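K.L.:
sharing a sequence plus its predicted fold:
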Amino acid sequence: MPDRDLDRVAVVGFGTMGSGIAQVVAASGRDVVVLEPEAERLDRGRRSLARMLDGGVARGKVTEQERDATLARVTGSTDVSALSGAGLVIEAVTEQRDVKADVLATVADVVGEEAILATNTSALSVTDIAAHLPRPERVAGLHFFNPAPVMRLVEVVRALQTDQDVIARLVGFVEDVGKDPVEVKDRPGFLVNRLLMPYLNDVVAEYDDGLASAEGIDTALQLGLGYRLGPLAMLDLIGIDVHRHATQSAYDATLDPQFAPPPLLGQMVAAGYLGHKSGRGFRGEYDTGEDA
Amino acid sequence: MTARELTVAVLGAGTMGAGIAVVAARAGHRTILRDVSEDALQRGLENATAFLDKSASLGKLSDEEARAARENLHGSTDLADVAPADVVVEAVFEDLALKQRLLGELDDVVSEDVLVHTNTSTLSVTAIAAGSQRPDRVVGTHYCNPAQLMKLVEVAEGRHTAPKATARSREFLEGVGKTTVLTKDRPGFIVNRFLIPWENNCIRALEAGHGTVESIDRAVVGALRHPMGPFKLLDVVGLDVHQAVSMRLYEQLHDPRFAPPPLVDQMVAAGDLGRKTGRGFYTYDSRRSFGA
């Protein structure tokens, strides 16, 4: 039985994650309002959403009709009052505690006390963000993986304050939009990144120590373990700065050395070698295309 | 080297040895499978023949190719019979003293420019090669199980390996259809070096209550698109095998990430070894083994 109160969804932030989440929610037949402070960023988000859907059409995953219907259900706004009436807010702005907490506080004033506030973070404490908001028991984490339309898993993060009923409703919502929810506690890295970050750090450190070439490490793990993507190709895709920030945050929160970013990560960020988006990463050079 | 038909000797007719013999025979090389035990030799030859017959019945090989491969296969219990070999692949038990002694015995049997391959997953190639008077022609070649099907071979040079021997070995391996990755002679090479701490970290996350067997497997498959989750994989590999590999790496690296977590020891003590005993992290109706 779909949760009708969660039929009107607001997404805050029209970057890569916001756009992917908006697509997932709209494709399930729900109306989505996306908030961005600047019109120019709204346009860019819409273009990237359209491009993603066009790609789905080209690969035969989405019909033209579905693409048009999905696009039509997504409305952009620069005005926070457009979010009034939303039953669920999914915040997907930049990974900074203060930015997330401030924008959610502004949104909370508009949507009222009943709406569920979900933050799509991979590196921050949901409990900490909830503490800055009125009625923190309706605040939770909803961690989508990139690219959101493709990746099946969504971590539903229970903050220390979150009501179990809110978690149950979010688990139902994630299933209703066609994803696979897993309920996790609010720990650094939650579940998947808690496991993934030490592995990626370990690979980077060994690569820096000359165990094998970057291509050799990726090829061995792909052929030996059947991974779709080798770890260094994965880091290039994630963004080396993004991974470094996430693992540094986990290290700061735990002082566990397996999260400490290996020095090479910091050097690559300093040199501007961030992976695909900057044109250069572990696995060589990339064409950054028009959106560099 | 690929154009010429070679004589390949495989020492040890266990799972790996029989698998490697299939790889060589299938590629058109005269192949001598050697084991000290007549029983083990017959079992190995039967397994190799059964695999080739199955490949033919599945249409992976033509009847003619399967017949030619069977005719290429010869067995012996006498080390003197490997004298004509161009390539000797040692695939006996993972026991340093045994492998060293065998390589020493080979010195008196084989020709001057033979290639000696040692198939080890966790021992040092340098240490194994020290058993031979000719460590320059000893190369580490780590096949993945089942060797007949897995494309990857990790190639590692010992301290005294001649670069020419490595180059010729890679050429030979590519010629029999493998993909080679060159790695340093370090414990676990690439695949086990990263797989073991990954698995142990997943087990520790389970022990710590970060998730359940099912939710962690589901999260890893859903978010990282691994072919199977860590616990399903451990059940396939066997908890006893995982424990042994972990311990051998831990003893060499003195790094706690490699030490098997207490749950592994308990499962082994209880006889819950995974699929092969019908019970591991999951329970199974039939006792299928890996690669069957």
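P.N.:
Arrived safely, thanks for sending. Numbering: from 1, shown residues only, chains lettered A, B, ... in the order given.
K.L.:
which residue does chain B have closest to chain A?
P.N.:
Nearest residue of chain B to chain A: residue B:222, at 3.1 Å (C-beta to the nearest C-beta). For glycine as for every other residue, the C-beta is placed from the backbone atoms N, C-alpha and C.
K.L.:
tell me the helices and strands packed up against whatever helix or strand that residue lives in.
P.N.:
Assessed by DSSP states H and E, residue B:222 sits inside helix B:213-224. Judged by 3 or more C-beta pairs under 8 Å, 6 or more residues apart in numbering or on different chains; DSSP states H and E, helix B:213-224 is in contact with strand A:153-158, strand A:180-185, helix A:192-208, helix B:191-207, helix B:230-237.
K.L.:
check contacts around the residue of chain B closest to chain A.
P.N.:
A:151, A:152, A:153, A:180, A:182 (C-beta atoms under 8 Å, 6 or more residues apart in numbering or on different chains).
K.L.:
of these, buried ones?
P.N.:
With burial judged by 16 or more other C-beta atoms under 10 Å in any protein chain shown, the buried subset of the contacts of residue B:222 is A:151, A:153, A:182.
K.L.:
can I get those in TSV including distance to chain B and pLDDT?
P.N.:
As requested, the buried ones among the contacts of residue B:222 are exported to TSV (distance: C-beta to the nearest C-beta, whole Å; pLDDT from 0 to 100):
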residue	distance to chain B	pLDDT
A:151	6	92
A:153	3	96
A:182	5	96
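K.L.:
can you list these in CSV and add distance to residue B:209?
P.N.:
Listed next are the buried ones among the contacts of residue B:222 as CSV, based on distance: C-beta to C-beta, whole Å:
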residue, distance to residue B:209
A:151, 25
A:153, 19
A:182, 14
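K.L.:
where along the stretch 51-200 of chain B do the strands fall?
P.N.:
Here the stretch 51-200 of chain B has its strands, by DSSP state E, counting those that start in this stretch, at B:73-76, B:87-90, B:115-118, B:138-143, B:152-157, B:179-183.
K.L.:
so for residue A:171, which of the ones you listed sits nearest?
P.N.:
strand B:152-157 (38.9 Å; C-beta to C-beta).
K.L.:
now the residue of chain B positioned farthest from its centre: phi and psi?
P.N.:
Computed with C-alpha atoms, centre = their mean, the maximum C-alpha offset from the centroid of chain B is found at residue B:209, amounting to 33.7 Å. When read as degrees, to the nearest 10, the backbone of residue B:209 gives phi 80, psi 20.
K.L.:
what residues are up against it?
P.N.:
So residue B:209 contacts nothing (C-beta under 8 Å, 6+ apart).
K.L.:
hmm, back to that, got the contacts of residue B:222 as a markdown table, with distance to residue A:24 columns?
P.N.:
Shown next, in a markdown table, are the contacts of residue B:222 (distance: C-beta to C-beta, whole Å):
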| residue | distance to residue A:24 |
| --- | --- |
| A:151 | 10 |
| A:152 | 11 |
| A:153 | 12 |
| A:180 | 12 |
| A:182 | 16 |
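K.L.:
now, which of those residues sits nearest residue A:242?
P.N.:
residue A:151 (15.3 Å).
K.L.:
quick one: contacts for that closest one?
P.N.:
Taking C-beta under 8 Å, 6+ apart, one finds A:144, A:145, B:222, B:223, B:225 in contact with residue A:151.
K.L.:
enumerate the residues of the stretch 101-250 of chain A near chain B.
P.N.:
Residues of the stretch 101-250 of chain A lying near chain B by C-beta under 8 Å from any C-beta of the partner chain: A:145, A:151-153, A:155, A:180, A:182-185, A:187, A:191-192, A:194-196, A:198-199, A:202-203, A:206, A:210-213, A:216-217, A:219-221, A:223-229, A:231.
K.L.:
show the buried residues in those residues.
P.N.:
By 16+ other C-beta under 10 Å, these give A:145, A:151, A:153, A:155, A:182-185, A:187, A:191-192, A:194-196, A:198-199, A:202-203, A:206, A:211-212, A:216-217, A:219-221, A:223-225, A:227, A:231 as buried.
K.L.:
gap between the two ends of stretch B:147-156?
P.N.:
17 Å (C-alpha to C-alpha, to the nearest Å).
K.L.:
please report phi then psi for residue A:228.
P.N.:
Per degrees, to the nearest 10, the backbone of residue A:228 is at phi -60, psi -40.
K.L.:
can you read off the pLDDT for it?
P.N.:
Looking at residue A:228, its pLDDT reads 93.
K.L.:
and what of residue A:292?
P.N.:
In this model, residue A:292 carries a pLDDT of 39.
K.L.:
what residues does the stretch 101-250 of chain B put near chain A?
P.N.:
B:144, B:150-152, B:154, B:179, B:181-184, B:186, B:189-191, B:193-195, B:197-198, B:201-202, B:205, B:210-211, B:215-216, B:218-220, B:222-227.
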